[in-house]
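**Student:** heads up, no residue letters with this:
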């Protein structure tokens, strides 16, 4: 019973291989989403049109993930920050 308890503690507190795998998967997912956002922004910068702007705006929707990181990317460029500031609102109502 003690061995089972020790195993369960190690398994559920996230100190085993499963946690490492989950961290790696999350990291890869996070990177893919941020790289995608950067591609969307670069596309907008290359061709400033309404279609590309709408794609950036969709990525800034409150339902999207990693908004703080996306906001930080936009804040690095003054032109982008000014352009998309109205869409970078924390805790906005749906």
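**Tutor:** Sure, I can see it. Please read all numbers here as calculations on a predicted model, not as lab measurements.

**Student:** which residue packs closest to the residue nearest the centre of the chain, ignoring adjacent ones?
**Tutor:** Note on the chain: the residue nearest the mean C-alpha position is residue 66, at 2.7 Å, using CA atoms, centre = their mean. Nearest residue to residue 66, sequence neighbours excluded (CB to CB, 6 or more residues apart in numbering): residue 33, at 5.7 Å. Yep, even glycine has a C-beta here, placed from its N, CA and C like the rest.

**Student:** Near that neighbour, how many other residues are there?
**Tutor:** Using other CB atoms under 10 Å, residue 33 has 16 other residues around it.

**Student:** do the same with residue 37
**Tutor:** With other CB under 10 Å as criterion, residue 37 counts 22.

**Student:** Is it within a helix or a strand, and which one?
**Tutor:** Assessed by DSSP states H and E, residue 37 sits inside helix 17-46.

**Student:** Low-confidence stretches in the chain?
**Tutor:** For the chain, applying pLDDT under 70 flags the ranges 1, 4-16, 91-94.

**Student:** for the helix holding residue 37, packing partners?
**Tutor:** helix 50-59, helix 67-75 (3 or more CB pairs under 8 Å, 6 or more residues apart in numbering; DSSP states H and E).

**Student:** Fine by me, we can end here.
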